[in-house]
Every structure is written in structure tokens, then in C-alpha cells.
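Visitor: sequence below, structure please.
(2 chains, ligands or ions: 1)
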Amino acid sequence: MNQAEVTKLISQLKISPPTRLRKFRTPRGPEGRLDTLRKTVTALVKHERLELNRARALEARMYTERLISDAIRYGDCHKTTMEMADYWLIEKQLVHKLFKVLVPRFENYNIACTRIFYVPRNMTDPRYSKAVLELRGNPYPSLVRDTSSNKNLIHNILLEEAKKAYRTKKYAEIAAKIDAVESTVGLENPTTTESDGNK
Amino acid sequence: MSLSSLIYRLTGTLRTVERAFLLVLNGKYPPDNFRLCLDQLQPQENWNNSQINSHKGILEQILGDGFLFAVPKHRRTIEKRLKRKYGDPEYHMKILLPNKKLQVCNVCGDDHEPKTLCPTCYKKVIEETRAMQDAIQNELKLEPVEQEVVVMYEGEKDSKPEEFWKGKRIVEMEKPRPQWFSDNLLQKTTQKGAETSDVKPSNLG
Ligand SMILES: [Zn+2]
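Guide: Numbering: from 1, shown residues only, chains lettered A, B, ... in the order given. Below is the predicted model:
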């Protein structure tokens, strides 16, 4: 077959899309479905974090990913991309945000630019399972607590102690070296092995 | 009453009885006075039927000896009865069961289902998020968004260098930053040495 593979013609998303689309019950058919999703995508670009029903969040995520990846790939001078942005973003001030804020933010991302967390069910009415859909790099407090930087965790305490032990060992070595040389040039400042800038 | 009148009446009665017998023997109906006693002379079968029907009520005549409602003919097995009562452990149990799949949050210790957020922590975060979203939308309104938005809490203006605020849209919140919302997410693990010798209490995480 001489044709190019169809799947290679569009930008590959960093999320795994489902095999078939979810139906949303609306009297206007497929157009109505897209209309509801347009509202969600617009709100997501506007607010950067939304609480939605789970199916709606998972579905709106795909369209947002596609929109942002197209914007990164083709830029704002591409006619089709601009039309898509015009279609998906109902509030037109967000078209500026897409190309001027979100594209620079996500240009160098190796991971998906949206994130989904499942919200605990309300036990008094557990019929609807909700989810939080957010854009990465938003200014809001993180939904999952970053515990890697907590200095009171046991592995961090152990690493700190190991670092101290290594340092004292190095200091002792340097001091022994200085004593051995017995140079009268002057005292050298012991250099630390601590590496600044390591996260 | 005189004796003569009594004899007269007796003879009259005997005469009518005689006439009635004569009529019956000739195959004719007797006069009204004797109808009741003569009815008993009807054939035996007819007499029986009429006797039964007259004794029973109209419902009994229709229903006869009895009427069967739709009732279970067979007893349900014990398995089916128990399943109706308590449900099926493989499909749906009707009785209340403990949820054994709960996890404990590392931060606040609340219980939550696996693969979901902790409800207490989530509530705290989403309330703060909504407050920030409102503040941001009040600030931006309908202008085209061309810069990254940074939220600045009360008394944070001087805590960051000038370059941090440069090229960003600053949205001010009219309250101090919540304790749990750390602002130094990209803080380096190695920090500058302290300038003073005062001992500060640790930040406790
Ligand atoms: Zn928690």
C-alpha cells in the first residue's frame, strides 16, 4: 500500500484514547454532544481546573489534548488550527490564551498536558462518580500532596544523615592531606562536595 | 253459637272437600283453598330441586362447593428463599457489608476508596481553588489572556524577587496564604547558610 498510514497524519496524543466515543444523551444528536463538550473544553481552558462527571471529564480531556497539541504543532498561522480553536473555544479571549499562554507552557512537555483525578463518591448519593480535570502548571494548590520533599520522612532523614557522614569523611581526608603536606603557603579553604542546584 | 249453625258449617266444608277430590280425580286444578296441600303431591324430583335452591343463597348457587384462588402449588427451595432475602454475594448483597477496600490518607488520616482522592484534603483544595478562580475571573474579566496568571496572597509582594513577577499577570488574594498551600514547590534542597545564629523552629514538613 502506497498510502501513508492515516494514524500518522494527526499528532499523536500523550493519552490513550478509548476505542469508541461516549454517548451523551441529548436531543440534538451528535451536534448536541459536541456542543456540550465545547462548553466543557472552553471552561477548562478558562479555569484550568474543573469538577465534572467522570465520563464528561474523560471525553473533554481528549478534545483539549488534541486542540493544544495542534496549536503547538502548527502555530497560530495555520488556517485549520485557527478554525478549530474558533470552534472549540466559545469565549474568544481564550483563543489568545491558547496560543500565547498554553503553547509556551506545554511546548517542552513530554507528558500529557491535562490530568484527571477521581473525586471520592458522595456516600449519601453514590450514583454519580465525579472527576477533577485540570491543566498542568496551573496556579492552584496541588491535589496530591508532594511528599518527596518532606524532610521528616524516613528516607529523607536517612539520606540527610548519609550526606553528613560523607561530608565529615571528606573533611577528615582533606585535613589529613593538609597535615601531610605541611605546606607553609597558607590554609586552603576546604571545599565542600555539596552540589548546589540539585533538586 | 247454636248447635244447628255448627252442623251447617260442617256439612258445607265436607261438601267442598268432596268437590275438590272429584276435581283432582278428573285431572283439574283444585280451588284456591286447597292449593297448598295439593302442591306437595307434585313429582318427587321436582320437589327435591326446588327445596335445595330455596335454602341456598345466590352466591352459593353460583360458586358451588368451593372456589380456588391462584396460590403457590410448590414450596420454594431454601436456596431461593435465602437468596431472595439476603441477595447474592457474587452479584448484589441486600444486607449491609463493611467496605474492606478503604485506604488511609498519608496527610490527614481520613479513609477513602482506592484510586480516588482523600475527601478531606480534596474539599480543602477545591474550596481554595474556587476562591482563586473567582479572584482570577474578577481580575481578568473579558480581556484577552496573554500572560500566565500568578496568584499573590497578602504580604507576598516582597517575598519574591522582581524577576518572578515579571511578564506575569498578578492576581491578588485578599487573605494570607493558607498554611498547607506551599508556595515554594520548586525550592532547592540545598539552601544558603543562615546569616544569623538564631535558632528557628523547623517548618515541620
Ligand atoms: Zn487527606
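Visitor: domains in chain B, as residue ranges please.
Guide: Using automatic domain parsing, the domains assigned to chain B come out as B:3-65, B:72-205.
Visitor: could you do chain A as well?
Guide: Annotated domains of chain A cover A:9-135, A:148-199 [automatic domain parsing].
Visitor: would you single out the least confident of the domains of chain B?
Guide: Here the lowest mean pLDDT among the domains of chain B goes to domain B:3-65, at a mean of 70.
Visitor: how long is that domain end to end?
Guide: The straight-line separation of the ends of domain B:3-65 (C-alpha to C-alpha, to the nearest Å) is 61 Å.
Visitor: just the buried residues of the top helix by length along chain A, please?
Guide: In chain A, assigned by DSSP state H, the helix with the most residues is helix A:154-181. For helix A:154-181, the buried set under the neighbour-count rule, 16 or more other C-beta atoms under 10 Å in any protein chain shown, comprises A:N156, A:I174. All C-beta spots, glycine's among them, are computed from the backbone N, C-alpha and C.
Visitor: report the distance from that helix to the chain centre.
Guide: Distance of helix A:154-181 from the chain centroid (C-alpha atoms, centre = their mean, to the nearest Å) equals 38 Å.
Visitor: contacts (any at all) between chain B and that helix?
Guide: No: for a cut-off given as C-beta under 8 Å from any C-beta of the partner chain, helix A:154-181 has no contacts with chain B; the smallest distance is 9.2 Å.
Visitor: can I get the domains of chain A in JSON lines with distance to the ion and mean pLDDT?
Guide: JSON lines is the format used below for those (distance: least, C-beta to the ion, whole Å; pLDDT from 0 to 100):
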{"stretch": "domain A:9-135", "distance to the ion": "10", "mean pLDDT": "92"}
{"stretch": "domain A:148-199", "distance to the ion": "14", "mean pLDDT": "76"}
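Visitor: of all the domains of chain B, which one comes closest to A:N152?
Guide: A:N152 lies closest to domain B:72-205 among those, at 5.3 Å (C-beta to C-beta).
Visitor: quick one: stretch A:93-105 to chain centroid distance?
Guide: Distance, stretch centre to chain centre, for stretch A:93-105: 16 Å (C-alpha atoms, centre = their mean).
Visitor: quick check: residues of chain B near the ion?
Guide: Contacts of chain B with the ion, taken as C-beta under 5 Å from the ion, map to B:C105, B:V107, B:C108, B:D110, B:C118, B:T120, B:C121.
Visitor: those in helices, which ones?
Guide: B:T120, B:C121.
Visitor: out of the residues of chain B next to the ion, who's near chain A?
Guide: With C-beta under 8 Å from any C-beta as the criterion, the residues of chain B next to the ion include B:V107, B:C118, B:C121 near chain A.
Visitor: which residues touch the second one?
Guide: Going by C-beta atoms under 8 Å, 6 or more residues apart in numbering or on different chains, B:C118 touches A:P120, B:C105, B:V107, B:C108, B:D110, B:H112.
Visitor: surely the first one meets B:P114?
Guide: No: between A:P120 and B:P114 there is no contact, the gap being 10.6 Å when judged by C-beta atoms under 8 Å.
Visitor: three-state assignment of the closest residue to the ion within chain A?
Guide: Residue of chain A nearest the ion, by C-beta to the ion: A:R145 (7.8 Å). Look at A:R145: counting by DSSP: H, G, I helix; E, B strand; the rest coil, its state is coil.
Visitor: ok, now which ones touch it?
Guide: With C-beta under 8 Å, 6+ apart, A:R145 has these contacts: B:N106, B:V107, B:C121.
Visitor: looking at A:P120 and B:P114, which has the bigger crowd around it?
Guide: A:P120 (19 against 8; other C-beta atoms under 10 Å in any protein chain shown).
Visitor: which SS class is the more buried one?
Guide: Recorded secondary structure, A:P120: coil (three-state DSSP).
Visitor: any idea how far chain B is from it?
Guide: Distance from A:P120 to chain B, counting by C-beta to the nearest C-beta, to the nearest Å: 4 Å.
Visitor: cool, A:M84 as well?
Guide: To chain B, A:M84 is 18 Å away according to C-beta to the nearest C-beta.
Visitor: in a helix, that residue, correct?
Guide: Yes: counting by three-state DSSP, A:M84 falls inside a helix.
Visitor: next, count neighbours for it.
Guide: Using other C-beta under 10 Å, the number of residues around A:M84 comes to 17.
Visitor: which ones are touching it?
Guide: By C-beta under 8 Å, 6+ apart, A:M84 lies in contact with A:L67, A:D70.
Visitor: quick one: which of the residues of chain B next to the ion is nearest to B:L25?
Guide: The closest of these, once distances to B:L25 are taken by C-beta to C-beta, is B:D110, at 113.3 Å.
Visitor: can you show me the helices along chain A?
Guide: Under DSSP H, chain A gives helices at A:29-47, A:54-74, A:79-88, A:93-97, A:103-106, A:154-181.
Visitor: how about stretch A:33-46: buried residues?
Guide: Of the residues in stretch A:33-46, A:R33, A:L34, A:T36, A:L37, A:R38, A:T40, A:V41, A:T42, A:A43, A:L44, A:V45, A:K46 count as buried by neighbour count, 16+ other C-beta under 10 Å.
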